[in-house]
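Asker: I'd like to go over a predicted model; first the sequence, then the structure.
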Amino acid sequence: MKNGHNLSRSVVIENIPLACSDELAAVEFFEKQRWGNTPCCIRCGSVNVYQMRDAKTGERNSRLLWRCRDCKEQYTVRIGTVYEESRIELRHWAYAFWRACTSKKGVSALEIKRQCQISYKSALFLMNRIRFAMAPDGDSPKLTGTVECDETYIGARKPRHFGVSKRGRGTTKTPVFCAVERDGELRRRIVPDVTAKTLNAALHEEVDRQARIITDEGSSYRGLAKVWLGGHEAVCHGTREYVRGDIHTNTVESTHALVKRGIVGIYHNVSREYLHRYLWQFDFLWNNRKLNDGERTVLAVKAAEGKRLMYRPSVN
Ligand SMILES: [Zn+2]
């Protein structure tokens, strides 16, 4: 798989709904994702470990502890992961991951609050970490083949002054650039403006030089044919031309539309400050749309673990 995560269609995936309602099943789900079939000590790495059990009943002890025979460490699956930072039950984490990964537009913290009957603050904590897990990891390959590029404006703020257009340029909404590989992945980012300089820089960072670029007729995109080896085609929306052969920007426009409907319909508008987090979620869902629901959930769970040390709440 492109992103390098090793997904197995194991029994674990079918157990996700159970993990959402039963704490023991949830703990075992997260243990499986973390350690696979070889649980190991979080302190010394030894695999000489065992589940601590109640002497009378033989059941796992109430704290679901593990113990290492080599270094005597006692630990749970939470230690050293994002789940360690909160006391929220793992079944709620499982449910939030599941919901965030199985709907096209994700899920809001408010919905998680209602369904899990946890505080809004806890639900926000959960969703912020899940969205962070979905953030691109920075080493994704550049897009290639036929790539549609377009910019749009997303966000909450309405124009403050009378007479200012409610859409597009000149408003205080946030400009967002997006490049989409036909039948492939997308790269989306917030940009400071939509000048040729800014959009070209974004294009160079996200798209391979071999690609063929398709845009609308916006003046910011003039001169691309000289740079991109696959050429540059533009559809002229101004003259009501939307499709010419395979030249269109329908894919990128549909992803913009999905984000806009999600931001308004599910998240009830998002300020510029937090927009990037929501884009991580939309982009993760789009880029992994060919996985099944369980595989997508497992991918996000695994990504959460790997990213923990980089998380800085004050920045993101
Ligand atoms: Zn140990």
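Answerer: Sure thing, it's come through.
Asker: tally of neighbours for the residue in the stretch 151-300 of the chain positioned nearest to the ion?
Answerer: Taking Cβ to the ion, the ion has its nearest neighbour within the stretch 151-300 of the chain at Val298, 26.4 Å off. (Glycine included, C-beta is placed from N, CA and C.) Residues lying near Val298 (other Cβ atoms under 10 Å) number 26.
Asker: just checking, it touches Arg34?
Answerer: No: counting by Cβ atoms under 8 Å, Val298 does not reach Arg34; the two are 11.3 Å apart.
Asker: quick one: the strands in this structure, in order.
Answerer: 49-51, 66-68, 74-75, 146-154, 174-181, 186-190, 212-216, 232-235 (DSSP state E).
Asker: close to the ion, is the second one?
Answerer: It stands for strand 66-68. Yes: under the criterion of Cβ under 5 Å from the ion, the ion is reached by strand 66-68 at Cys68.
Asker: find the nearest non-adjacent residue to Gln210, please.
Answerer: Nearest non-adjacent residue to Gln210, counting by Cβ to Cβ, 6 or more residues apart in numbering: Leu229, 5.1 Å away.
Asker: check the gap between the closest residue to Phe284 other than its chain neighbours and Val301 for me.
Answerer: Sequence neighbours aside, Met134 is the residue nearest to Phe284 in space, at 3.6 Å (criterion: Cβ to Cβ, 6+ apart). Using Cβ to Cβ, to the nearest Å, one gets 11 Å for the distance from Met134 to Val301.
Asker: the more surrounded of those two?
Answerer: Shown here are Met134 and Val301; by other Cβ under 10 Å, Met134 has more neighbours (27 against 24).
Asker: wait, what's in contact with the more buried one?
Answerer: Residues in contact with Met134 (Cβ atoms under 8 Å, 6 or more residues apart in numbering) are Ala100, Trp280, Gln281, Asp283, Phe284, Leu285, Ala300, Ala303.
Asker: please report phi then psi for it.
Answerer: Torsion angles at Met134 (phi, psi; degrees, to the nearest 10) stand at phi -80, psi -10.
Asker: roughly how far does it sit from the ion?
Answerer: 32 Å (Cβ to the ion, to the nearest Å).
Asker: what sits closest to whichever residue of the stretch 201-316 of the chain sits closest to the ion if chain neighbours are left out?
Answerer: The ion sits closest to Glu305 of the stretch 201-316 of the chain, with a gap of 18.7 Å, by Cβ to the ion. Leaving aside its sequence neighbours, Glu305 sits nearest to Thr81 (Cβ to Cβ, 6+ apart; 5.2 Å).
Asker: next one: Ser103
Answerer: Nearest to Ser103 is Leu285, by Cβ to Cβ, 6+ apart, at 7.9 Å.
Asker: near the one you found, how many other residues are there?
Answerer: The burial count for Leu285: 22, using other Cβ under 10 Å.
Asker: check Arg53 too.
Answerer: Counted with other Cβ under 10 Å, Arg53 comes out at 12.
Asker: sorry, back to before: tell me which of the contacts of Met134 fall in helices.
Answerer: Of the contacts of Met134, the ones assigned to helices by DSSP state H are Ala100, Trp280, Gln281, Asp283, Phe284, Leu285, Ala300, Ala303.
Asker: ChimeraX command for the buried members of those residues?
Answerer: Buried members of these, defined by 16 or more other Cβ atoms under 10 Å, are picked up in ChimeraX with:
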select :100,280,281,283,284,285,300,303
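Asker: could I get the ones in helices among the contacts of Met134 as TSV with distance to Arg129 and pLDDT?
Answerer: Shown next, in TSV, are those (distance: Cβ to Cβ, whole Å; pLDDT from 0 to 100):
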residue	distance to Arg129	pLDDT
Ala100	10	96
Trp280	11	95
Gln281	12	95
Asp283	17	96
Phe284	13	96
Leu285	17	96
Ala300	10	93
Ala303	11	88
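Asker: redo the ones in helices among the contacts of Met134 as a markdown table? Include distance to Ala201.
Answerer: Formatted as a markdown table, those follow (distance: Cβ to Cβ, whole Å):
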| residue | distance to Ala201 |
| --- | --- |
| Ala100 | 31 |
| Trp280 | 21 |
| Gln281 | 25 |
| Asp283 | 19 |
| Phe284 | 24 |
| Leu285 | 26 |
| Ala300 | 30 |
| Ala303 | 27 |
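Asker: and the ones in helices among the contacts of Met134 as a markdown table, adding distance to the ion?
Answerer: Listed next are those as a markdown table, based on distance: Cβ to the ion, whole Å:
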| residue | distance to the ion |
| --- | --- |
| Ala100 | 33 |
| Trp280 | 35 |
| Gln281 | 36 |
| Asp283 | 38 |
| Phe284 | 34 |
| Leu285 | 38 |
| Ala300 | 28 |
| Ala303 | 26 |
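Asker: which residue ranges form the helices in the stretch 101-250 of the chain?
Answerer: Counting by DSSP state H, counting those that start in this stretch, residue ranges of the helices within the stretch 101-250 of the chain are 109-116, 120-133, 196-206, 250-265.
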